[in-house]
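Asker: just coords:
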């Protein structure tokens, strides 16, 4: 079974653009959050519902590579994939391109612990592991 | 007794400036929060401590007038005053000017309910009323 | 002719919610921007295109009333109307409610000057006045 | 000559904290910006002045590791170092800890191109290379 994958389209907000006329760097992490949230909804595990069930995915690491400009109102397309990373972490990979041209804007990943409400690491629930698919190379 | 008043200096962050080269409009509300927080600390009621004691001041109304530009790294000076507004609300007034010239940047107010942790309105504690001073014209 | 009106749906982002579990107050102004942008697109005057033609609408005043909570991933519906305000300003009014219940979240207005690229006030172009309709009570 | 290093203290803003009671992940990148800006000011090259001279440092890569929680009003201490990375890039490393305890909050780096106003890569000016010191291992 392949990794879950999901694509969303959105427009760059005026509030996200800096004086160089392109999105401010931290905005990529906010977009990545939208990618994760919509992927989880698409595979039947809305994140708000996961949190209500006491399963949290706090971010422990982020990595972003900025590959091109994107200005106010540009329509972008973000593709997100998710997978277990080892036995205890979840990793999302995001790629953002211009919707019209496919020209690259930004890509990166976010790594997440699996915790309870108090922030204590827990064994990932079976339904989470099943939904995200086996880790590549795991046996 | 007069209204409590407090002044802070800060610099405009790169992330706060939009493509017109001046701060994005919503940033004023984030600055106003800093003004409130530092005023409350100065009068001996740090807001984090108030929240731990179960007293919250959720924003119910904001008003902002934009009077001038402020670009990246400009040093600004914000003066905040606080007062009871009627018997159940707290009002903060903020004025932000360029530190070097006094030229106006933005001013406005925020109006706050007094609630418990669950969001239910409560009678303002006596220590809060005492610290903020009698409302102008109240008898 | 009536005022132009436009409605959009969106979800509250995780990054927009504070420790009280509801959206942080300044976020309303970012949402309002989305309402303005989509209304202008809907009436055939995308704001990015207006700016390229040298017509800017810098915010000179904002007013927000907070009427109810909205948490992470709640689906909201924002209705925006626009009108000339006097002969030289544009005013947008926004109302945000829960999409499912119509329960009120936040409403307010933003007032805008009409300027050129350098920030100098200009006479509102005829196409702008025509698109926004006559001011109520103007003759 | 060692790498330039600079330390700043700041408090977590209410607007930066999410519903888990700790800062939202993208905020780290905004803090990192403050670290860079203050380091450059400390070594006599304020970034606003660099931009006016036509030298820009757009972010091309960011990496963040989240090591601990930090709530509203917590006082944090950020240490920033800067160095050339190869002949054409600048790298900043940031470490953020609780000011009172030294307990770790977040650390990471940002990698920057050196460009002109239009975004075209330029040879780093001699004054920039001199200020940042020779790259480790460079001969």
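Answerer: On my side now, so go ahead. Here the structure is a predicted model, which means the values were calculated and not measured.
Asker: Show me what counts as buried in stretch A:13-27.
Answerer: Judged by neighbour count using 16 or more other Cβ atoms under 10 Å in any protein chain shown, the buried positions of stretch A:13-27 are A:13-20, A:22-27. Where C-beta positions appear, they are placed from N, C-alpha and C, glycine not excepted.
Asker: now stretch A:75-86
Answerer: Quick answer for stretch A:75-86 (16+ other Cβ under 10 Å): A:76-85.
Asker: Equivalent analysis for stretch A:32-43, please.
Answerer: Within stretch A:32-43, the residues that count as buried by 16+ other Cβ under 10 Å are A:32-41.
Asker: Contacts made by that stretch with the rest, please.
Answerer: A:4-6, A:8, A:10, A:46-47, A:50, A:57, A:62, A:64, A:78-82, A:92, A:94, A:108, A:110, A:131, C:11, C:13-15, C:73, D:25-26 (Cβ atoms under 8 Å, 6 or more residues apart in numbering or on different chains).
Asker: Now with 6 Å, please.
Answerer: A:4, A:6, A:8, A:47, A:78, A:80, A:82, A:92, A:94, A:110, A:131, C:14-15 (Cβ atoms under 6 Å, 6 or more residues apart in numbering or on different chains).
Asker: do stretch A:99-108 as well
Answerer: With Cβ under 6 Å, 6+ apart as the test, stretch A:99-108 has contacts from A:9, A:28, A:63-68, A:70, A:75-77, A:95-97.
Asker: Among those, which pair sits farthest apart?
Answerer: Farthest pair in the contacts of stretch A:99-108 (Cβ to Cβ) is A:63 and A:75. Separation: 24.8 Å.
Asker: Would you map the strands across chain A?
Answerer: If DSSP state E is used as the criterion, the strands of chain A fall at A:5-11, A:59-66, A:75-85, A:89-98, A:104-113.
Asker: In CSV: those strands, plus mean pLDDT.
Answerer: Converted to CSV, these look like this (pLDDT from 0 to 100):
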stretch, mean pLDDT
strand A:5-11, 97
strand A:59-66, 98
strand A:75-85, 97
strand A:89-98, 98
strand A:104-113, 98
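Asker: Identify the residues contacting the residue of chain A most remote from its centre.
Answerer: Using Cα atoms, centre = their mean, the residue of chain A lying farthest from its centre is residue A:19. It sits 26.5 Å away. Taking Cβ under 6 Å, 6+ apart, we find residue A:19 in contact with B:17, B:21.
Asker: how close does residue A:100 sit to residue C:45?
Answerer: Distance of residue A:100 to residue C:45, computed by Cβ to Cβ, to the nearest Å: 20 Å.
Asker: The two: who's more crowded?
Answerer: residue C:45 (19 against 10; other Cβ atoms under 10 Å in any protein chain shown).
Asker: Now the more buried one, what are its backbone angles?
Answerer: Residue C:45 adopts backbone torsions of phi -130, psi 70, taken as degrees, to the nearest 10.
Asker: nearest residue to it other than its sequence neighbours?
Answerer: residue C:131 (5.8 Å; Cβ to Cβ, 6 or more residues apart in numbering or on different chains).
Asker: do residue A:89 as well
Answerer: Using Cβ to Cβ, 6+ apart, the closest residue to residue A:89 is residue A:111 (5.7 Å).
Asker: picking up where we left off before, what's the most distant pair in the buried residues of stretch A:13-27?
Answerer: A:14 and A:25 (16.7 Å).
Asker: what comes up buried for stretch A:120-130?
Answerer: A:124, A:128-129.
Asker: Reformat those residues as TSV; add distance to chain B.
Answerer: Conversion of the buried residues of stretch A:120-130 to TSV gives the following (distance: Cβ to the nearest Cβ, whole Å):
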residue	distance to chain B
A:124	32
A:128	31
A:129	36
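Asker: Mind putting those residues into JSON lines with pLDDT?
Answerer: Output for those, formatted as JSON lines (pLDDT from 0 to 100):
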{"residue": "A:124", "pLDDT": "95"}
{"residue": "A:128", "pLDDT": "93"}
{"residue": "A:129", "pLDDT": "92"}
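Asker: Closest one to residue C:118 out of the residues you listed, please.
Answerer: For the buried residues of stretch A:120-130, the nearest to residue C:118 is residue A:128 (54.4 Å; Cβ to Cβ).
Asker: and stretch A:67-78 with chain C, contact?
Answerer: Yes: contact of stretch A:67-78 with chain C (Cβ under 6 Å from any Cβ of the partner chain) involves A:72-73.
Asker: Contacts for that stretch next, please.
Answerer: By Cβ under 6 Å, 6+ apart, stretch A:67-78 touches A:8-12, A:14, A:17, A:21-23, A:35, A:94, A:96-97, A:99, A:103-105, C:48.
Asker: one step back: please check the contacts of stretch A:99-108 and keep the buried ones.
Answerer: A:28, A:63-66, A:70, A:76-77, A:95-97.
Asker: quick one: the helix ranked longest in chain A to strand A:104-113, angle?
Answerer: Taking DSSP state H as the criterion, chain A has its longest helix at helix A:27-42. Helix A:27-42 runs at 70 degrees relative to strand A:104-113, counting by axes from the mean of the first three to the mean of the last three Cα atoms, to 10 degrees.
Asker: Tell me how far helix A:27-42 lies from the chain's centre.
Answerer: Computed by Cα atoms, centre = their mean, to the nearest Å, the chain-centroid distance of helix A:27-42 equals 4 Å.
Asker: if you average pLDDT over it, what comes out?
Answerer: Taken as a whole, helix A:27-42 carries a mean pLDDT of 97.
Asker: Would you mind listing what in chain A touches chain C?
Answerer: A:14-15, A:30, A:33, A:48, A:72-73.
Asker: Lowest-confidence member of these, which is it?
Answerer: Comparing the residues of chain A next to chain C by pLDDT, residue A:48 comes last, at 93.
Asker: what number of residues lie near the nearest residue to that one once chain neighbours are set aside?
Answerer: Take residue A:48 and drop its neighbours on the chain: the residue closest to it by Cβ to Cβ, 6+ apart is residue C:73, 4.1 Å away. When neighbours are defined as other Cβ under 10 Å, residue C:73 has 17 of them.
Asker: Great, nothing more from me.
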